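In: Have a look at this fold, sequence not included:
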């Protein structure tokens, strides 16, 4: 991973010094090793704090909604999953592509600091990574023990880049991404209700899932807008947070690229991505396999009516 | 000093809960928060920190204030405030206990917040010393001693036993009422406290320099250009404010039901775009201004108005929970003083 970081810094310096870009969107070192933060670097000198390592799980694409409106080109480093979000935002006309220079970067899964903590590792000076392992503080972990949930099922490849930095070291997904969805589908309605009731009862309506989501780019969310009549800062009753998450999942259905940021950022560890994956799985069954963000111009299955569209009841049965 | 074997803690919980309501760290799904003790709950007492802080018990995320019922031209106003029965809050860490002092300064100052006061008076707090503080902990900076977390009773886990030291009359009454406890020896506890203090001194953030955060530097701090970069990645979500033990802002809302109108209050967040919306306009227009407000409030405005008491207890929840790893430590390191370099 170190040589990728070096190559990225070189690339950023070259583009800044040639004047091709005025800013660089990447990740900045933190105080405890794992607390890497997204950052806009404005000079070659400031790149001394730049980093690209196993803790760079954050998706940078959404920052481009604002950054690409500004004057001058910005260089962005996109991990494979981030590049799908980027494409989807281009498709939705949320990013001004002309102001962005994209560099795809290889990724073999990012580490979840909570999982490290569960394994007794806290502060991290440095982490040494191979395709299948991460060694922290002298302890070697298999990737599947400590990487983010979203990385366990990842099959994404870098898309839509002006340049790419990769040494072609690929990791295969550990899990089938629909495995848990299938388990939930196999439950009785009561069991499923109990599962989501437990999970969603922890929701504190901090809106981290919504604010980090690259598919949630409304300038003003209805739930923040007093004039909408449905603004809600807290749950008025215990069922409301369930509705909030279900409504949000509906709103991003067909546009969610399954980047997994919602679950990464949830302070209560609610597996919110499972709602999105249920929709993805349903869309696949109704309209054929579809991956949002794979291209920048096709119409999505839910925004494109054709006379050949199936009736959902033909697939799921009459009561669905 | 009293004690109980760690493996018998369930007996203790049952005995307390038999006499009054008991709230303690309970794991539901994948998260531990303070919840009511009931048969079958998964108590997670060893977890260093709950996601939401213990302030939830006095200042819950949402709380009914009153109801309005109309029939014809008559309107009936119903007081929805409840008189809380005495309850025990068990397993509070030193940082959260310290946060009660800060919240008291806000809610118990005139005009007294009756809903908060009623719950504060009804509680008996049993704190728990932190055997394994984390790298994100910096409570010592704010005068908290996690090996002596205070409260009505302070508890310490030593080996396979938990020891209890009463510190107030309320605490003594609670311990005296519990038959499952036996007498304990203070020596073992002293050794553990010393070990905890040593662990705390070795943490990375215990020497943060706050010397620049004082009233006379207010405008200088407010105008520092670094706020721009510090807040750059902020998503404007409310995670930091909602997991924070000292954040105290709330909104009052009406909720229309079929039977009338319910008025409730709920946590609000200065990170939210509508937080300062007023009739004329919203004076904080961008996220940098909102971000700056949060930290200036905790580190500059609050101490200026409260005898130098900071509005932070160093629990480190924001360090662990910010989706993009922004937090108060990064602000203090940038703006707090020379000794942070």
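Out: Okay, I see it. Quick caveat, the model's predicted, so the values are computed rather than measured.
In: Tell me the confidence at residue A:319?
Out: Looking at residue A:319, its pLDDT reads 55.
In: So what does the closest residue to residue A:276 other than its chain neighbours have for phi and psi?
Out: Nearest residue to residue A:276, sequence neighbours excluded (CB to CB, 6 or more residues apart in numbering or on different chains): residue A:256, at 4.5 Å. Every C-beta, even on glycine, is put in place using the N, C-alpha and C of the backbone. Dihedral angles of residue A:256 (phi, psi; degrees, to the nearest 10) stand at phi -70, psi 130.
In: for residue A:256, what are its contacts?
Out: A:213, A:215, A:249, A:276, A:279-280, A:292 (CB atoms under 8 Å, 6 or more residues apart in numbering or on different chains).
In: Recalculate using a threshold of 7 Å.
Out: A:215, A:276, A:280, A:292 (CB atoms under 7 Å, 6 or more residues apart in numbering or on different chains).
In: you'd agree the first one is up against residue A:255?
Out: Yes - with the criterion set as CB atoms under 7 Å, residue A:215 and residue A:255 qualify as a contacting pair; they are 4.6 Å apart.
In: Flag every residue of chain B that's near chain A.
Out: Residues of chain B lying close to chain A by CB under 7 Å from any CB of the partner chain are B:28-31, B:33, B:51-52, B:61-62, B:134-136, B:204, B:232-233, B:235-239, B:242-243, B:251, B:253, B:255, B:266-268, B:272-274, B:319, B:321, B:323-326, B:329-330.
In: pretty sure residue A:293 is in a strand, no?
Out: No - assessed with DSSP: H, G, I helix; E, B strand; the rest coil, residue A:293 is coil; it does not lie in a strand.
In: if you skip the residues just before and after it, what's nearest to it?
Out: residue A:84 (3.2 Å).
In: cool, residue B:222 as well?
Out: Residue nearest to residue B:222 in three dimensions, not counting chain neighbours: residue B:296, with 6.5 Å by CB to CB, 6+ apart.
In: Next up, phi/psi of residue A:81, please.
Out: When read as degrees, to the nearest 10, the backbone of residue A:81 gives phi -60, psi -40.
In: Could you provide the contacts of residue A:256 in CSV, with additional columns for pLDDT, secondary structure and neighbour count?
Out: Shown next, in CSV, are the contacts of residue A:256 (pLDDT from 0 to 100; DSSP: H, G, I helix; E, B strand; the rest coil; neighbours: other CB atoms under 10 Å in any protein chain shown):
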residue, pLDDT, secondary structure, neighbour count
A:215, 97, coil, 25
A:276, 97, helix, 27
A:280, 97, helix, 23
A:292, 96, coil, 25
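In: list the contacts for residue B:157?
Out: Under the criterion of CB under 7 Å, 6+ apart, the neighbours of residue B:157 are B:6, B:131.
In: Can you classify residue B:33 as helix, strand or coil?
Out: Residue B:33 - assigned by three-state DSSP - is strand.
In: ok, back up a step: any idea how far the residue nearest to residue A:293 lies from chain B?
Out: 19 Å (CB to the nearest CB, to the nearest Å).
In: ditto for residue A:3
Out: With CB to the nearest CB as the criterion, residue A:3 and chain B are 24 Å apart.
In: Now that residue: closest residue in space, sequence neighbours ignored.
Out: Sequence neighbours aside, residue A:167 is the residue nearest to residue A:3 in space, at 7.1 Å (criterion: CB to CB, 6+ apart).
In: What does residue 3 show for phi and psi?
Out: Assuming you mean chain A. Taking degrees, to the nearest 10, you get phi -70, psi -30 for the backbone angles of residue A:3.
In: try again with chain B
Out: phi -150, psi 170.
In: Let me see the contact set for the residue most central in space within chain A.
Out: The centre of chain A sits closest to residue A:259, judged by CA atoms, centre = their mean, with a distance of 3.0 Å. By CB under 7 Å, 6+ apart, the contact list for residue A:259 reads A:59, A:81, A:84-85, A:150, A:214.
In: Give me the sheet partners of whatever helix or strand residue B:63 lives in and which way each runs.
Out: Remark: residue B:63 resides in strand B:62-71, with elements defined by DSSP states H and E. In the sheet, strand B:62-71 lines up against strand B:74-79 (antiparallel), strand B:260-267 (antiparallel) (DSSP bridges).
In: partner residues bridging residue B:35?
Out: Bridge pairing for residue B:35 - DSSP bridges - gives residue B:24.
In: Now, of the residues of chain B next to chain A, which are buried?
Out: Among those, those classed as buried by 16 or more other CB atoms under 10 Å in any protein chain shown are B:28-29, B:31, B:33, B:51-52, B:61-62, B:134-136, B:232-233, B:235-239, B:242-243, B:251, B:253, B:255, B:266-268, B:272-273, B:319, B:321, B:323-326, B:329-330.
In: residues in contact with the nearest residue to residue B:160 once chain neighbours are set aside?
Out: Spatial nearest neighbour of residue B:160, excluding adjacent residues (CB to CB, 6+ apart): residue B:6 at 4.7 Å. By CB under 7 Å, 6+ apart, the contact list for residue B:6 reads B:157, B:160-162.
In: just checking, which of those belong to strands?
Out: Among the contacts of residue B:6, the ones falling in strands (DSSP state E) are B:157, B:161-162.
In: for these, which one is nearest chain A?
Out: Set against chain A, the nearest of the ones in strands among the contacts of residue B:6 by CB to the nearest CB is residue B:157 (17.7 Å).
In: quick one: that closest one and residue B:63, what's the gap?
Out: To residue B:63, residue B:157 is 33 Å away according to CB to CB, to the nearest Å.
In: ditto for residue B:181
Out: Distance, residue B:181 to residue B:63, using CB to CB: 34 Å.
In: One more: residue B:313?
Out: 23 Å.
In: Which one of the two is surrounded by more residues?
Out: Higher neighbour count among residue B:313 and residue B:63: residue B:313, with 28 against 18, using other CB atoms under 10 Å in any protein chain shown.
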